[in-house]
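Engineer: Mind folding the following:
(one chain, ligands or ions: 2)
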Amino acid sequence: MKPGPADLLLVIDVQVDFLPGGALPVPDGDAVVRPVNALQQRFRHVALTQDWHPLGHVSFATSHPGREPFQTVTLGYGEQVLWPEHCVQGSVGAAFAPGLETSRAGLIVRKGLNPRLDSYSAFLEADRTTRTGLAGALHERGIRRVVLCGLATDFCVLWSALDAREAGLEVLVVEDAVAGIDVPSSAGGSVAAAWARMEALGIGRIGMADIS
Ligand code: VGL
Ligand code: ZN
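Structural biologist: Ligands and ions are numbered 1, 2, ... in the order given. Here you go, the predicted model:
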């Protein structure tokens, strides 16, 4: 593909806490910084997202006495994986990864701000009702296709891709500019499951070499 005026690069959660050494490290998460920067130079439209939780957020295991990170609990809106405390608003861990190009982005979307509600997706929060406003912003900019990269393949990239598709956009995911958590408990691995789910919905899987 050759990015044009109706294409947007959506960079998901390339933040300190998701890098090796961070609070919720994605294996090889730091390896996405270079390809993500290279991609940004090829797009006229770039949006960045930041996971941006208040202290005491419902997705933190510490908010559920007796529970451990990576366990699942059932909340009013459904199943919630519990995570180590991560991406607390204004913390060093919530900042963009060192070396990430941020100056070309026309839009920065923060998500997961509601203390009682998680949001993996850049479009729709975990109650599947509350909108972040990103779909409207893209519509107003005339965007018809989004190309996704960033972290993590099996959570925020996955849900953002599904919801972009749901919003009527064409969606492509750059396989060598994403990295996944791959939660141990999920049979077969959550990264493989994420790709299968995306591919079944017509979300394209492309490589850096496919973008000119
Ligand atoms: C993410 C788990 C919790 C992500 C965010 O960016 O994929 N994963 N919060
Ligand atoms: Zn989070």
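Engineer: The protein: strands as residue ranges?
Structural biologist: In the chain, the strands defined using DSSP state E lie at 7-12, 45-51, 72-75, 78-81, 107-111, 145-151, 170-179, 204-206.
Engineer: Name the residues of the fourth one that come out as buried.
Structural biologist: To tie it back to what came earlier, the one meant is strand 78-81. Going by neighbour count (16 or more other Cβ atoms under 10 Å), the buried part of strand 78-81 is 80, 81. For every residue, glycine as well, the C-beta is placed using N, CA and C.
Engineer: that older thread, right, and the strands of the chain - which one's nearest ligand 1?
Structural biologist: strand 45-51 (4.5 Å; Cβ to the nearest ligand atom).
Engineer: now could you export just the CA positions of the closest one as CSV?
Structural biologist: Once non-C-alpha atoms are left out, strand 45-51 reads as follows in CSV (Å, rounded to 0.1, in the frame of the first residue of the first chain):
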residue,chain,number,x,y,z
HIS,A,45,-2.0,11.6,9.3
VAL,A,46,-0.7,10.1,12.6
ALA,A,47,-2.6,9.5,15.8
LEU,A,48,-1.0,8.2,19.1
THR,A,49,-2.7,6.6,22.0
GLN,A,50,-1.8,6.5,25.6
ASP,A,51,-3.2,4.2,28.3
